[in-house]
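Undergrad: sequence isn't available, so here's the structure alone:
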Ligand SMILES: Nc1ncnc2c1ncn2[C@@H]1O[C@H](COP(=O)(O)OP(=O)(O)OP(=O)(O)O)[C@@H](O)[C@H]1O
Ligand SMILES: Nc1ncnc2c1ncn2[C@@H]1O[C@H](COP(=O)(O)OP(=O)(O)OP(=O)(O)O)[C@@H](O)[C@H]1O
Ligand SMILES: [Mg+2]
Ligand SMILES: [Mg+2]
């Protein structure tokens, strides 16, 4: 029986080539829209995270902290939630850094007899946990440690920027969701149109005593095939476009260590699965409409 | 004659209500996709520009510069290409700033007998002209002035960030263009499906001696009406969604002075006009296909 | 005697009405059709012949009155039983209603496939019935490429392929030359002989005269007592 | 005498062939139809009657041979002249070909609108012709809600509304009872009397016998000399 349905579905695709081509193209385009946005968003997000890796918390140790404790302290920091790495900066390095930092006023530091700076740690955070509040919590926690003198973190613009990144993310998810819904409607609409132009055939089948399930099944199989092909086609186009663009853009624009990347496999397969679901759903809704009467 | 065509078009819309609804919805969704992306992109761009206003060039004046010259120098700076504002920072202010900047090492500056810092100007740039190269040119130009001792501008990350913003813009335009094309194809596809389900009618009209133009005209009028309605509907939905989201998001996330905004009128009307063009084009291509045979 | 007859009625209509808006297509139709009867429904264009057949296979609901098919009341039948009801019928539609995108073979085979007949059996039966109506050579043609008469013959093949209990044929020889027509007619006679109830809607008086059998006349939606009973 | 006749021929076919793949629908047809003739094309189902008419209104191209209409060679006519050629014809299609989404009135009116007739004139003519075929009360109905015979009458109304030079009627009374049929027939006769050339494809021998007029027979795509000439 399933074989019969399958055979009928395949036959149908052959017999209604125009309708099938149009459906597959429309599905491919819808998938393309959703996945282009996903790709754009994922990479922009990556890039922001990459750049935000610059966020760090500087911890000044008390002057009486012995050098022997440094490894323990380092470990302590690195075990904290949200911390990716803690780098020790000796007071000598710090002075060098300061000199570099205020290079035009270097005369100011020229005549120092001894280094007034303390040893310090640069604590780097895991990109995902870098919301402004988390940085604050972490710094409070660090400040309460006995051997810590002072904690310095970020600057004003960093806090502001975090908000912007969050806003960007939030609207990104919103826009992505909206695109997904639009794609669902477009695909469903297309399938409705296709079924509309085949309503005579559906009506005839019902008149000769075909049960609804007999009529529906080939349409379901067909729209699964269409939406799978459409999904793969859409992602294929995206991949080709990505490969071409990526190889041209990368060198000119991106910071050295950052790599733009294609959709991760999980997202890729989610999109294909969504495509199938959408095809199925569009088919379901349209059939319901046309088989009601 | 035109009246007759117009009448026929309106009649047709009434008689093929299902097809018309589907077409208008699909056009509206396509327009929605394009315009949502435009909105997203315009605002993200605005936000980045807003934030980039922070970029400034600090100019240290020679120590022998007399106070009387300051207004002239300020004027000189402000007349330079790309400069929006030049703010004078006296050496006293500068010392305060420095103290705040390196607050944990304040002891370092405590025992200064005299202020070793020079007077300075903070030169702010017009957001649009802030590409890294321009900042560099400007600073070179400033540095060659007689009363200027040194110029300091941006930091490494700023340069990197400018590239990122440019990449974001470039891909943004690319993605927007791709969405536009996808929308065009989707609308054209939908119109093709609609005409496909009306091909019998077109064939009959030809058989009874109707000239191609007589058959086509009402379809053109109809698809202009559809695409105008679809465009307005899509932008209407966007506007409503925008209003709802904007009133909720703004307070929590955005930096004080920044306002998210709706599509500027020029973009708004371009989208409506594009929608009409797309409808017309879809109609043209489909009719060409179905009237060929 | 009447009791005997009533027991034998396979289709019963009681005061059936059908109206479309203000237009009355059928008015107060009361009619029994008996098992294995060969019945003509005649009447001029627009009299309601097609409408009457439509009500029988539930193509449309009655506006008023009751219809019993094999003892089942059509107004009480549940939606998902309708396909099973329709499998009792073999229907030749006035406008053929062939599926344009399916071949002649597929158009006929789908009736059997829909009722779950095995593939080999389907092939055998379909090929046989297409041979009977003289369409075996066109079995892979699509309906739009067939002549009017050829389409009608395919429609007839589809109606009889499932060995239905009841044949409803709406103007089944309207597009056929007299030779093909009498051939098809004999075909329907044959089906009748093998036990089916046959109802034919036609305005072709010649045909009726040649055949004999009960004739009911419709005129502007009303049933006139048949002079032929 | 023959020269005289040839000058009067409005339609001339020379060795016309039409094949679909390996199927020969028309084989070596040579035929003249004269101005104001009333011609029957007869023959069994699938003989090629509809195909022959199709070639005349350029519904399909010939596979071989030449057709002249009013002196114009159809194979030389340019694409954008085809609509003007077709306005010479009033065609009753075997399957009616009514536009399902337009009302009866609109279906008939569109012929006149397409050839640029003024709106008031359109109204007058359409209403008149619908009255003639007895469909004036259904003028705002959509074709799927009409009975077979009613659809056929609308198709006939559409064919004659433009006062065409040539009427091509394919089985124009197939769905009509004998009364309506003879009425429609007289209508076509009337159009003929007013100067039109009428070509009717039919398998209805009764009809032909009743009318008289030249009959050409088609059989498997070949023309047989008519015994009626
Ligand atoms: N869906 C409908 N809506 C409105 N009127 C309808 C509908 N279906 C049928 N009618 C009308 O009901 C009447 C009977 O129609 P029906 O098709 O039963 O006639 P018929 O006897 O089959 O005629 P014919 O011999 O021409 O086929 C006709 O006048 C027709 O116009
Ligand atoms: N498009 C087509 N493709 C293939 N074969 C075709 C096509 N059109 C017609 N034929 C075949 O050509 C033959 C003649 O067809 P035509 O419609 O002219 O017959 P007809 O004389 O009108 O018959 P009827 O009285 O049944 O209408 C038929 O066998 C038909 O199947
Ligand atoms: Mg009927
Ligand atoms: Mg024919």
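TA: The structure has been received and is ready for your questions. These numbers come from a predicted model, not from an experiment. Ligands and ions are numbered 1, 2, ... in the order given.

Undergrad: which residue ranges form the strands in the stretch 101-250 of chain A?
TA: A:120-125, A:148-153 (DSSP state E, counting those that start in this stretch).

Undergrad: can you tell me which of those is most buried?
TA: Compared across the strands of the stretch 101-250 of chain A, strand A:120-125 shows the largest average neighbour count, a mean of 22 (mean count of other CB atoms under 10 Å in any protein chain shown). Placement of C-beta: from N, CA and C, glycine included.

Undergrad: do stretch C:172-186 and ligand 4 meet?
TA: No - Stretch C:172-186 stays clear of ligand 4 (CB under 5 Å from the ion), getting no nearer than 7.3 Å.

Undergrad: check which residues of that stretch are buried.
TA: Residues C:172, C:173, C:174, C:175, C:176, C:177, C:180, C:181, C:182, C:183, C:184, C:185 are the ones in stretch C:172-186 that count as buried (16 or more other CB atoms under 10 Å in any protein chain shown).

Undergrad: and whichever residue of the stretch 1-150 of chain A sits closest to chain C, how many neighbours?
TA: Relative to chain C, the nearest point of the stretch 1-150 of chain A is residue A:15 (4.5 Å; CB to the nearest CB). Residue A:15: 17 surrounding residues under other CB atoms under 10 Å in any protein chain shown.

Undergrad: ok, it - contacts?
TA: Applying CB atoms under 8 Å, 6 or more residues apart in numbering or on different chains, we find residue A:15 in contact with C:101, C:102.

Undergrad: swap in the one 5 residues further on?
TA: Residues in contact with residue A:20, defined by CB under 8 Å, 6+ apart, are A:13, A:222, A:226.

Undergrad: if you average pLDDT over whichever strand or helix holds it, what comes out?
TA: In this structure, residue A:20 is located in helix A:17-52 according to DSSP states H and E. Across helix A:17-52, pLDDT averages out at 84.

Undergrad: now stretch C:45-61
TA: Rounded mean pLDDT across stretch C:45-61 is 94.

Undergrad: neighbours of residue A:2, how many?
TA: 8.

Undergrad: ok, longest helix in chain C?
TA: With secondary structure taken from DSSP state H, chain C has its longest helix at helix C:178-193.

Undergrad: and it, what does it pack against?
TA: Judged by 3 or more CB pairs under 8 Å, 6 or more residues apart in numbering or on different chains; DSSP states H and E, the packing partners of helix C:178-193 are helix C:148-160, strand C:166-170, strand C:197-201, helix C:205-211.

Undergrad: single out the most deeply packed of the ones you listed.
TA: Most buried among those, counting by mean count of other CB under 10 Å: helix C:148-160, with a mean of 26.

Undergrad: if I look at residue A:123, how far off is ligand 2?
TA: Going from residue A:123 to ligand 2 by CB to the nearest ligand atom, to the nearest Å gives 81 Å.

Undergrad: can you pull the contacts of that residue?
TA: Counted by CB under 8 Å, 6+ apart, residue A:123 has contacts A:56, A:57, A:58, A:59, A:77, A:80, A:83, A:85, A:86, A:87, A:138, A:142.

Undergrad: chain neighbours aside, what residue packs nearest to residue C:194?
TA: residue C:163 (7.8 Å; CB to CB, 6 or more residues apart in numbering or on different chains).

Undergrad: can you tell me the SS state at the one you found?
TA: Of the three states, residue C:163 takes coil under DSSP: H, G, I helix; E, B strand; the rest coil.

Undergrad: for it, what are phi and psi?
TA: Geometry field for residue C:163 lists phi and psi as phi 50, psi 60, criterion degrees, to the nearest 10.

Undergrad: how about low-confidence regions in chain A?
TA: A:1, A:50-56, A:97-116, A:125-133, A:135, A:152-164, A:249-258, A:293 (pLDDT under 70).

Undergrad: swap the cut-off to 50 and go again
TA: Applying pLDDT under 50 to chain A flags residues A:155-157.

Undergrad: per-domain residue ranges of it.
TA: A:2-51+A:158-291, A:56-153 (automatic domain parsing).

Undergrad: just say which of those domains is most tucked in.
TA: domain A:2-51+A:158-291 (a mean of 19).

Undergrad: quick one: that domain near ligand 1?
TA: No - Domain A:2-51+A:158-291 lies apart from ligand 1 when judged by CB under 6 Å from any ligand atom; the minimum separation is 13.5 Å.

Undergrad: and the helices in the chain?
TA: In the absence of a named chain, chain A is used. In chain A, the helices defined using DSSP H lie at A:2-15, A:17-52, A:70-78, A:91-101, A:107-110, A:132-143, A:156-196, A:199-207, A:212-253, A:265-292.

Undergrad: look at chain C instead
TA: Under DSSP H, chain C gives helices at C:2-8, C:49-56, C:82-86, C:104-114, C:119-132, C:148-160, C:178-193, C:205-211.

Undergrad: mind listing what residue A:73 touches?
TA: Contacts of residue A:73 by CB under 8 Å, 6+ apart are A:61, A:65, A:86, A:121, A:147.

Undergrad: how about 7 Å then?
TA: A:121, A:147 (CB atoms under 7 Å, 6 or more residues apart in numbering or on different chains).

Undergrad: how much space separates it from residue A:81?
TA: 17 Å (CB to CB, to the nearest Å).

Undergrad: can you redo the domains of chain A as a markdown table with distance to residue D:143?
TA: A markdown table is the format used below for the domains of chain A (distance: least, CB to CB, whole Å):
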| stretch | distance to residue D:143 |
| --- | --- |
| domain A:2-51+A:158-291 | 14 |
| domain A:56-153 | 65 |
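
Undergrad: and the residue sitting nearest the centre point of chain C, what is it in contact with?
TA: Of all residues in chain C, the one closest to the mean position by CA atoms, centre = their mean is residue C:168, 1.1 Å from it. Applying CB under 7 Å, 6+ apart to residue C:168 gives the contacts C:53, C:56, C:57, C:89, C:91, C:199.

Undergrad: between the helix holding residue A:20 and helix A:265-292, how many degrees?
TA: Put simply, helix A:17-52 runs at 140 degrees to helix A:265-292, going by axes from the mean of the first three to the mean of the last three CA atoms, to 10 degrees.

Undergrad: centre of the chain to helix A:17-52, how far?
TA: Distance, stretch centre to chain centre, for helix A:17-52: 12 Å (CA atoms, centre = their mean, to the nearest Å).

Undergrad: tell me where the model's unsure across chain C.
TA: Checking chain C against pLDDT under 50 turns up C:1-2, C:227-229.

Undergrad: if we go to 90?
TA: The model of chain C has pLDDT under 90 over residues C:1-9, C:22-23, C:45, C:71, C:79-80, C:173-186, C:203-213, C:224-229.

Undergrad: picking that back up, dump the domains of chain A to CSV, plus distance to ligand 3.
TA: Shown next, in CSV, are the domains of chain A (distance: least, CB to the ion, whole Å):
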stretch, distance to ligand 3
domain A:2-51+A:158-291, 15
domain A:56-153, 72
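
Undergrad: out of these, the one nearest residue C:62 is which?
TA: domain A:2-51+A:158-291 (17.3 Å; CB to CB).

Undergrad: from start to finish, how long is that closest one in a straight line?
TA: End-to-end distance for domain A:2-51+A:158-291: 21 Å, by CA to CA, to the nearest Å.

Undergrad: of all the contacts of residue A:20, which comes closest to chain D?
TA: Closest to chain D, out of all of the contacts of residue A:20 and judged by CB to the nearest CB, is residue A:13, at 23.4 Å.
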